[in-house]
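Participant: Make a model of this:
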Amino acid sequence: QAPPVGDLSNAAIRRRDRKLRRDQNKMKKERGRRLAERRRTLEVVEPEQPAEQTGVNGEKLFKGKTHADPSSLRVGPKVRPYTEQNLGEVLAMFQRLAKKYNYDEDFVRIMASYIETAANTAPVEDDVPS
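Facilitator: This next block holds a predicted model:
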């Protein structure tokens with residue numbers, strides 16, 4: 001007696017599965033071949049070198065690096081006066097960040113050095129009249 005329609009024998013299921021695996025392997029090989037061909041045809045583009053720039057005093061800002069030295073671009077006094085309130089807010093912010101990202105050891109180490117620097121900074125008198 002023939003099996004009902006839609007009911008496959010074990011041998012038919014195995015044949016179907018082998019055919020599916022062969023088809024999948026063919027598709028993978030074709031996809032890999034197309035990707036390899038695409039990689040071969042892509043144009044190799046060399047990264048652009050940054051233009052050499054000079055600062056206010058004529059010094060080179062891009063000394064073989066891809067970025068300028070931030071301290072050379074800063075305008076204003078080298079000494080930055082902070083009030084006691086400024087230092088307290090900065091210190092609290094550094095502590096919040098160190099606590100929030102406590103799983104990142106490098107970040108916590110950096111924040112600890114910032115906290116130490118802020119804690120050792122002497123505040124200036126607030127010049128704003130009350």
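
Participant: do you know how far Pro81 is from Pro123?
Facilitator: In this structure, Pro81 and Pro123 are 8 Å apart, going by Cβ to Cβ, to the nearest Å. Yep, even glycine has a C-beta here, placed from its N, CA and C like the rest.

Participant: Please apply the same query to Arg16.
Facilitator: Remark: distance between Arg16 and Pro123 (Cβ to Cβ) = 80 Å.

Participant: likewise Arg109?
Facilitator: 25 Å.

Participant: cool, and Asn86?
Facilitator: Counting by Cβ to Cβ, the gap between Asn86 and Pro123 amounts to 7 Å.

Participant: same question, Glu30
Facilitator: Applying Cβ to Cβ, the value for Glu30 to Pro123 is 70 Å.

Participant: Neighbour count for these two, which is higher?
Facilitator: For Glu30 versus Pro123, the count of surrounding residues by other Cβ atoms under 10 Å is larger for Pro123: 13 against 10.

Participant: Could I get the pLDDT score of the nearest residue to that one once chain neighbours are set aside?
Facilitator: Of all residues beyond its chain neighbours, the one nearest Pro123 is Glu84 (4.0 Å), with distances taken as Cβ to Cβ, 6 or more residues apart in numbering. Glu84 is assigned a pLDDT of 89 by the prediction.

Participant: ok, now the one 4 residues further on?
Facilitator: Per-residue confidence (pLDDT) for Gly88: 91.

Participant: in what helix or strand does Asn86 lie?
Facilitator: Secondary-structure element containing Asn86, defined by DSSP states H and E: helix 84-100.

Participant: mind listing what's buried in whichever strand or helix holds Asp17?
Facilitator: Asp17 is part of helix 10-41, with elements assigned from DSSP H and E. Counting neighbours by 16 or more other Cβ atoms under 10 Å, one finds that helix 10-41 has no buried residues.

Participant: name the helices or strands packed onto the following helix or strand past the helix holding Asn86?
Facilitator: Tracing the chain C-terminally past helix 84-100 and defining elements by DSSP H and E, one meets helix 105-119 next. Contacts of helix 105-119 with other secondary structure elements, assessed using 3 or more Cβ pairs under 8 Å, 6 or more residues apart in numbering; DSSP states H and E, are made with helix 84-100.
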